[in-house]
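J.: predicted model follows, preceded by the sequence.
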Amino acid sequence: MSRTCITLQTETLDELKKLLGARSKTEAVSIAIRDQIRSRKIEGIKKMAGKMEFIKNVKDLRHEDNRIG
């Protein structure tokens, strides 16, 4: 974990804590950052839609897997 000093508006931080149900400022900021990272990753995945080609279907993949008895 690293320590960082940032300046935030008190009203904004209080609203964030309330919306997220966070017990501390640190928890609120950590949750908000994780949510933002997750959202950006999801958007990246959505942008790939229709750009990948699958050459086998799920049924074939499942039955050709020798690891499954």
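T.: Here it is on my side, so go on.
J.: okay, which residue is most central for the protein?
T.: residue 38 (1.8 Å; C-alpha atoms, centre = their mean).
J.: which residues touch the longest helix along the chain?
T.: Counting residues, the longest helix found in the chain (DSSP state H) is helix 25-47. Contacts to helix 25-47, defined as C-beta atoms under 8 Å, 6 or more residues apart in numbering, come from residues 8, 13, 16-17, 20, 22. C-betas here are computed from N, CA, C, even on glycine.
J.: buried ones in the following helix or strand past that helix?
T.: Per DSSP states H and E, the first helix or strand lying C-terminal to helix 25-47 is helix 58-64. For helix 58-64, burial by neighbour count (16 or more other C-beta atoms under 10 Å) applies to no residue.
J.: from the chain's centre, how far out does helix 58-64 sit?
T.: Here helix 58-64 is found 29 Å from its chain centre; the criterion is C-alpha atoms, centre = their mean, to the nearest Å.
J.: stretch 43-54 too?
T.: So, by C-alpha atoms, centre = their mean, the centroid of stretch 43-54 is 17 Å from its chain's centroid.
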